[in-house]
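1. Next one to model:
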Amino acid sequence: MSFSSPSSGSGRIILAPMEGVLDPLLREILTAVNHYDLCVTEFVRVVDQLLTKKTLLRLCPELLQNGKTRSGTPVRVQLLGQHPQWLAENAVLATEMGSPGIDINFGCPARRVNQSCGGAALLKEPEAIYKILKAVRDALPAGQILSAKVRLGWSSPEECHEIIDAVLKGGADELAIHARTKEDGYKADAIKWEWINTVRPAINIPLIANGEIWNASDAAQCRKTTGCADLMVGRGALQLPNLGAVIARNEAEMPWTTVIGLLLQYAEAALLQPRSDYLASRLKQWLVFLKQHYVEAAELFSIIRTIHDTDAFIAQLHQAKTKWA
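-> Numbering: from 1, shown residues only. Take a look at the predicted model:
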């Protein structure tokens, strides 16, 4: 029996982990203007040692706030690696520090990650997925949730059956499936929501559908096609900053004048960090997504794309806010 079922809009909305994008500052901003039931952090790589508390706090400062953003959204630490023992020990540390459960990354398609046998590379080794999840599950207290994020396979969605079997036998409590293979990358026309519906009847834990959800219509279609009530949104949440609220509460899409305020909010918060030299590049990255939805973002990006000086960059943001006020 499947744990997830289609509904007329009910179900969790989860903010996906996005490596190099969804940092703690952006989590604060997006959870403050949305309804999200859960966030998952960028992955922290585990090799052959116990991470320091400082490392985990840098990844997830919300651990100092009972594992939640200031607006109250739970934030789950995500680990990535290939060694069951070390993943288990670091999972215990993260939960002891306040993480509401642990997520294991088996889906990252980045070449640098896969070359070190992490992320989606493990999709080719279902036995390794099983061993990792079993070790982590055995190490965690029974009340702590262990979730896994996978793709349908490395090269073929047919591979998903063995992968899912490994996840279930390994003892995961929740499963998020990105409905593409590793080789599909992020190609829009490669999305395979129907495959999630195919495997759903065999899954007896909460099942979360992920991939190619950009607006409320996509969310409704994904729920209909996959049969899943729970959804995970990623790049769409960067393109439309209040996507979670649009899906969960039927709110109007955020106007550009409000989006400019969020960009400045991010900039001001980043200036308070020990290092803020990444500010311009991070906001340019966000604008690349925003310009897919807002024509004003494309105009702003053309103005600031060659600016690297932080003060000059922020000055342009203030000018833009005045222009579009």
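
2. Show me the shaky parts of the stretch 151-300 of the chain.
-> By pLDDT under 70, the stretch 151-300 of the chain has no low-scoring segment.

3. What segments of it are strands?
-> 174-181, 207-210, 230-233 (DSSP state E, counting those that start in this stretch).

4. Give the pairing partners of the first one; include direction for each.
-> So the one you mean is strand 174-181. strand 146-153 (parallel), strand 207-210 (parallel) (DSSP bridges).

5. For Gly98, which of those is the nearest?
-> strand 146-153 (16.0 Å; C-beta to C-beta). To be clear about C-beta, it is placed using only N, CA and C from the backbone, and glycine gets the same treatment.

6. sorry, back to before: now distance to Val246 too, for the strands of the stretch 151-300 of the chain, in JSON lines please.
-> Formatted as JSON lines, the strands of the stretch 151-300 of the chain follow (distance: least, C-beta to C-beta, whole Å):
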{"stretch": "strand 174-181", "distance to Val246": "20"}
{"stretch": "strand 207-210", "distance to Val246": "17"}
{"stretch": "strand 230-233", "distance to Val246": "10"}
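
7. Dump these into JSON lines; add distance to Pro255 and mean neighbour count as well.
-> Shown next, in JSON lines, are these (distance: least, C-beta to C-beta, whole Å; neighbours: other C-beta atoms under 10 Å):
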{"stretch": "strand 174-181", "distance to Pro255": "30", "mean neighbour count": "25"}
{"stretch": "strand 207-210", "distance to Pro255": "27", "mean neighbour count": "26"}
{"stretch": "strand 230-233", "distance to Pro255": "20", "mean neighbour count": "26"}
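
8. closest to Tyr36 out of the ones you listed?
-> When the strands of the stretch 151-300 of the chain are compared by C-beta to C-beta, strand 230-233 sits nearest Tyr36, at 8.6 Å.

9. what residues does the closest one touch?
-> The contact list for strand 230-233 (C-beta atoms under 8 Å, 6 or more residues apart in numbering) reads 4, 11-16, 176, 206-210, 213, 219, 222-223, 243-244, 247.

10. Keep only those of the residues you listed that are in helices.
-> 219, 222-223, 243-244, 247 (DSSP state H).

11. What is the nearest of the residues you listed to Gly67?
-> Nearest to Gly67 among the ones in helices among the contacts of strand 230-233, counting by C-beta to C-beta, is Gly244 at 18.7 Å.

12. give me the number of residues near the closest one?
-> 26 (other C-beta atoms under 10 Å).

13. OK, contacts around it?
-> 13, 15, 30, 34-36, 233, 237.

14. Kindly report the same for Leu15.
-> Per C-beta under 8 Å, 6+ apart, neighbours of Leu15: 22, 27, 30-31, 34, 36, 38-40, 73, 232-234, 237, 244.

15. can you do 7 Å?
-> With contacts defined as C-beta atoms under 7 Å, 6 or more residues apart in numbering, Leu15 is in contact with 30, 36, 39, 233, 237, 244.

16. Not including adjacent chain positions, what is the nearest residue to Trp324?
-> Nearest non-adjacent residue to Trp324, counting by C-beta to C-beta, 6 or more residues apart in numbering: Thr257, 5.5 Å away.

17. Settle this for me: that neighbour is touching Ala320, isn't it.
-> No - contact between Thr257 and Ala320 fails when scored by C-beta atoms under 7 Å: they sit 10.0 Å apart.

18. about what we covered before: give me the buried entries from the ones in helices among the contacts of strand 230-233.
-> Neighbour-count burial (16 or more other C-beta atoms under 10 Å) is assigned, among these, to 219, 222-223, 243-244, 247.

19. ok, now how distant is Gln221 from Ile247?
-> 12 Å (C-beta to C-beta, to the nearest Å).

20. neighbours of the nearest residue to Glu194 once chain neighbours are set aside, just the number please.
-> Nearest residue to Glu194 in three dimensions, chain neighbours excluded: Thr225, at 5.8 Å (C-beta to C-beta, 6+ apart). Residues lying near Thr225 (other C-beta under 10 Å) number 18.
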